[in-house]
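>>> What would the 3D arrangement of this be:
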Amino acid sequence: MNSGSGIQELMAAETRASQIVAEARIARGDRMKQAKVDADELIKTYRMEQQDAFDKKAAADGGSGGNASAKLQAETQQEIQTMQAMFHKNAQKAVDVLLSKCCEVSLEVPTARVRSTQKLYGK
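Prediction:
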C-alpha cells in the first residue's frame, strides 16, 4: 500500500510543479507587458524632451523658420540671376565654338587608319 500512496504523492507533486510553472509563465508574461508599458512611457518622455530641445534651438537659431525661408529664397533668386547673366554673357561664345567644331572638316586620314588599311589589303 505504501507504493500506491507514493505514486499518488508523486502525481500530486507533478501537478503542483506544473501549476507553479504555469503561474511563473503567466507572471513572466505580465512582467514583460509591464516592462513594455514602462519602456513606452520612458520613450515618450525622452521624445518630448528632445522635441522641446530641438524647438528651442530652432527658435534661437532662426525663429519660426519663416525668416530662414525668406533668406534662402533671396539667396536662391540671387544665384539664379547670376547664372542667367553668365548664360547671356557666354551664349554666343558657346554657339561660336559649336559652329566652328561642326564646320571644320579635317581631310587628313589618321596614320593609324592608314596603317590598318594597309595591313588589311596587304600594301
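
>>> any idea how far residue 44 is from residue 51?
11 Å (CB to CB, to the nearest Å). All C-beta spots, glycine's among them, are computed from the backbone N, C-alpha and C.

>>> With residue 74 instead?
According to CB to CB, residue 74 and residue 51 sit 29 Å apart.

>>> tell me the SS of residue 105?
coil (DSSP: H, G, I helix; E, B strand; the rest coil).

>>> and what of the one 4 residues further on?
When states are read from three-state DSSP, the local structure at residue 109 comes out as coil.

>>> Pull the number of nearby residues for it.
By other CB atoms under 10 Å, 9 other residues sit near residue 109.

>>> Please apply the same query to the one 5 residues further on.
The criterion is other CB under 10 Å. On that basis, residue 114 has 12 neighbouring residues.

>>> chain center to the strand or helix carrying it: distance?
Residue 114 is part of helix 111-121 when elements are defined by DSSP states H and E. Mean-position distance between helix 111-121 and its chain equals 55 Å (CA atoms, centre = their mean, to the nearest Å).

>>> helices and strands around it, which ones?
Packed against helix 111-121 by the contact rule (3 or more CB pairs under 8 Å, 6 or more residues apart in numbering; DSSP states H and E) you find no helix or strand.

>>> mind checking pLDDT for residue 43?
Model confidence at residue 43, expressed as pLDDT, equals 95.

>>> what's around it, how many residues?
Residues lying near residue 43 (other CB under 10 Å) number 10.

>>> Where is the longest helix in this protein?
Using DSSP state H, we find that the single longest helix of the chain is helix 2-62.
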